[in-house]
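1. output the structure for:
(chains A and B)
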Amino acid sequence: MTGFTGFALRRALGALVTLLAISAIIYVIFYATPGNVAQITCGPRCSPAQVHQVAEQLRLDDPLFLRYWHFLQGIVVGQDYSTGTSVEHCSAPCLGLSYRSDQQVTQLILSKLPVSLSLVAGAMVLWLLLGVGTGVLSAWRRGRFTERALTGITLAGMATPVFVIGLVLMIVVCGQWELLPFPQYVAFSEDPEQWAWNLLLPWLTLALGEAAFFARMTRAAVLETLAEDHIRTFRAYGVGERAIVARHALRGALAPVIALNANDFGAAVGGAVLTETLFGLPGIGQELVHAVDVVDLPVVVGMVLVIGFFVVLANAVADVLYAVADRRVVLS
Amino acid sequence: MSPLDPSRVDASPVEPSPVEPNEAEPSGAEPNGAEPSGAEPSGVAPGPSAPSPEAAKAADLVAVDGLTVDFGGLRAVDGLSFSLARGAALGLVGESGSGKSTVASALLGLHRGTGAVVGGAVRVAGLDLARASEEELRRLRGGTAAMVFQDPLSSLDPYYAIGDQIAEVHRAHTRATRRTARARAVEVLDRVGIPEAARRSRARPHEFSGGMRQRALIAMALACEPELLIADEPTTALDVTVQAQILDLLHALRQETGMGLLLVTHDVGVAAESVDEVLVMRHGRAVEHGPAAEVLAAPAQAYTRELLAAVPRVDAPRMGRPAGAADEALAEGAAAEGAAAGAVAEGAAAEGAAEAVAEGVGAGEVVLEAVGLRREFGRGRRAVTAVDDVSLTVRRGETLGVVGESGSGKTTLGRMLVGLLEPTAGEVRYEGRPHTGVRPAVQMVFQDPVSSLNPRRSVGESIADPLRARAARDGSARETREEREARIQGRVRELLERVGLDPAHYDRYPHEFSGGQRQRIGIARALAADPRAIVCDEPVSALDVTTQAQVVALLGELQRELGLALVFVAHDLAVVRQVSDRVAVMRRGRLVEYGPADQVYDAPEDPYTRQLLAAVPALDPAVAARRRAEREGAEVPGTPTGPGESRHPAKSAVV
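-> Numbering: from 1, shown residues only, chains lettered A, B, ... in the order given. The predicted structure is shown next:
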């Protein structure tokens, strides 16, 4: 299995390099944008002297690469910030201080992350079950009524915006039928049961649209595998169609599912803004939108980097899973 | 076959009769008076047309009567009738598109639910396939009749262990538990000659070599002890030595289990090796049907004769030698040939011998020369030497054949000669001067005419590419764009005509042409650069024998006309013999034998060459049986292995 360990290590190293590249690009894009950051940060009523003081405090006069270097240093070993009267230590991984609240970005993200992860992880389980299940079913019953019905439903699912699904669910389930209270985030550490009940609707909302994409892709991948030669072998040997679809065709279709899932998981961590807003979940997406609104650059950069981290991590995990599923990957 | 010593065959009578005993005396051995050979006259064949009684028909393992298969208006099989007695072996022989594989699928009812319209009656082991229920059909498939497919890699699920796949099939037909089925899988894998079957049964298909995969597929077929084995081109994807082993295995299994065999093949030699009866098919109809020995030795039908004539012979000297310059060169060289042969016989170092031979045979000027060529792929511990210290020369008007099995490095060598690959060591010389990179004077014709042409560009444009490249490089400034365009298109039309295509087809796309026509396009493209040497990498291996013969003839014609130096890289020993003046035999990247074609084929020096030649299927069933006996008697050490094994020594053992 040394080949496999080596493969995993190489993949991890690649992920690290990707993250470094992402951080550099994000940093340059946000900090090199035109506009007086000090003025924006200080507010419209600041005097030129105050603005100058803010600029000094934020080291805005240093060259960009030097500031980027400090930023990286902060992530690895931490950093000290002077707030005028005292010195605040921001321990590694330090992503800087918010311009608006002087809060440490790392702390801010850590307070929001559990919410986002709770939402996305639960939704992911749902969209995989629903999506892959529907896809396999419609591939197996191809050309029949079941398939046409499922195709229609998935098309509708893809076409319906998330906030419509969420609103309808909330109005019907919580308002009309009163099966559930209107969702309110409860931390997992506080009460796991309440956590799950309150997240049920957000999960469904996020998962339904996503599941439609998985259903379509799984169906296509299963049908493609069904056309391959080795499927013909098992048909010619009297293996039942159900076993062929469930064992052989699905296995062959797993690779694209794993790949798509990695992307969508990473993207949803920071991108589930609509669902978060709709259900009042204080997650990363919501906070990011707010930070962009008030041009709180350290928060924006930190959050985008963390989201990038999840996308890269999910893809690295996907590659390793890929290799576990299909050993031929390691060889090539 | 001259290299084989008949006395050795007689001395070791492993097999008393070339034909199986139960087939040799059919009337006595068969119950119900069934006649295994030629029981079904099929209307076309002149075979024994004894009216077989209904009882005998019912007892036949396979009875096909007036079978037609239509694929949306296209009739693939047209009124075919034949029968196969229990334990007998029938070969369906035909070129691609003759409908032979469609017949094989029909025997398992595989057309059901696919849109193909099946007419006529097919009975397998008494089951009427048209009326059989889904469940009866499912039990037939794999239980009564099992199929072995052509490409053993794509025919196995890449994700599961081979033993598990066999066990799954076994469980589909028996009430066996998971554990018993797994044990049965190991048992059959062991039976087909997979060493350490218990351990290897946990390997996935990609960890097996081509030959072992085919053995594994045969093991899968054996798992439920079927009465009929349908083998659809079972050895087409395999090297010749591995092919011989697989055919021997099928033969032995048939003797052991008494199962019937329906062998579908385009290779007349493979059929001669393996079956008692041959049915020649063309355009979905039976052309000729009868005992293999009769049909192959004295074909009654014109098409069969044509087909047999197109099969290149490995045991006959080259026919239709090029007249002209090359011939003179050969005549001049003939005197020196004896001396060269002597040098080889003395066991001089391969390189020395090669040079001696090269100097001896061709007196034409040397066009291409390889000196100590070596090529490695990968680095460090993973490095694989694909070509190792190969030196050879190609002269004007002469064809050098390069033969070897897959993984022998012959394609790598060909690519280095053209300059598509840089050698790791050694050099390629063109007209005596070392050269690197691609040059117009040395062109290549590729194996796969489909994938080597851009499907989105018209063939005329593809052929014009090298012309345009040259015009861009050294075109004169005086020529206007229109003039240049007219000149190039005119030249392309000339080239199309030259290779036997209609010049009006300039604007057609590759998919509109047949395989042989596409290869002609590939040749026209190579000619466009006015080359002095062309390296052909397996130029005819994807083609039917009759098309193959035409393309080979075209290459010979072009060579005579243009004085081309040709390098003909192929795995097919017979084709190489029929086109080559001199032959280089490669094994594991090295030249094991290099000399005049007739000498290499008639008096091979190297044991590997002898082994290769002994593995080529003979067209005469009697000779085939004799050679099979010889193969069983003498196990040649160092069985050749494919490319996969050289990289993973632990996986090799048996092909």
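
2. spell out which parts of the stretch 51-200 of chain B neighbour chain A.
-> Counting by CB under 8 Å from any CB of the partner chain, the stretch 51-200 of chain B comes close to chain A at B:108, B:110, B:137-143, B:146-147, B:149, B:151, B:154-160, B:168-169, B:172-173. C-beta here means a position set from N, CA and C on the backbone, and glycine is covered the same way.

3. and the residue of the stretch 1-150 of chain A nearest chain B?
-> A:G143 (10.1 Å; CB to the nearest CB).

4. number of nearby residues for that residue?
-> Neighbourhood size, A:G143 [other CB atoms under 10 Å in any protein chain shown]: 7.

5. with B:D474 instead?
-> Residues lying near B:D474 (other CB under 10 Å) number 6.

6. and it, how far is that from B:G409?
-> Distance, B:D474 to B:G409, by CB to CB, to the nearest Å: 35 Å.

7. B:F82 too?
-> Computed as CB to CB, the B:F82 to B:G409 distance reads 44 Å.

8. what pLDDT does residue 129 get?
-> If you meant another chain, say so; for now it's chain A. A:L129 carries a pLDDT value of 93.

9. that's the wrong chain, I meant chain B
-> At B:L129, the model reports a pLDDT of 91.

10. low pLDDT regions in the chain?
-> Just going to use chain A. Scanning chain A for pLDDT under 70 picks out the ranges A:1-2, A:35, A:82-84, A:327-332.

11. sorry, I should have been clearer: chain B.
-> Regions of chain B meeting the criterion pLDDT under 70 cover residues B:1-58, B:319-363, B:475-477, B:633-655.

12. show me which residues of it are close to chain A?
-> Residues of chain B found near chain A (CB under 8 Å from any CB) are B:108, B:110, B:137-143, B:146-147, B:149, B:151, B:154-160, B:168-169, B:172-173, B:204, B:206, B:217, B:220.

13. quick one, what contacts the spatially closest residue to B:V240 that is not a sequence neighbour?
-> In this structure, B:V240 finds its nearest non-sequential neighbour in B:A615, 4.7 Å apart by CB to CB, 6 or more residues apart in numbering or on different chains. With contact taken as CB atoms under 8 Å, 6 or more residues apart in numbering or on different chains, B:A615 is in contact with B:V240, B:T241, B:Q243, B:A244, B:R631.

14. now, those residues that are in helices?
-> Among the contacts of B:A615, the ones falling in helices (DSSP state H) are B:V240, B:T241, B:Q243, B:A244, B:R631.

15. show me which residues of the helix or strand hosting B:T393 are buried.
-> Element membership for B:T393 (DSSP states H and E) is strand B:384-395. Across strand B:384-395, burial judged by 16 or more other CB atoms under 10 Å in any protein chain shown covers B:T385, B:A386, B:V387, B:D388, B:D389, B:V390, B:S391, B:L392, B:T393, B:V394, B:R395.

16. do the same with stretch B:138-158
-> For stretch B:138-158, the neighbour count (16+ other CB under 10 Å) marks B:138-158 as buried.

17. out of these, which sit inside strands?
-> Per DSSP state E, strands hold the following members of those: B:A145, B:A146, B:M147, B:V148.

18. now, among those residues, which is nearest to chain A?
-> Closest approach between these and chain A, by CB to the nearest CB: B:M147, at 4.7 Å.

19. okay, now residue 94: neighbour count?
-> Just going to use chain A. Using other CB under 10 Å, A:C94 is surrounded by 24 other residues.

20. um, chain B though
-> By the measure other CB under 10 Å, the count of residues near B:G94 is 25.

21. how near is the residue of the stretch 1-150 of chain A closest to chain B to B:A286?
-> Going from A:G143 to B:A286 by CB to CB gives 35 Å.

22. one more: B:V540?
-> To B:A286, B:V540 is 27 Å away according to CB to CB.
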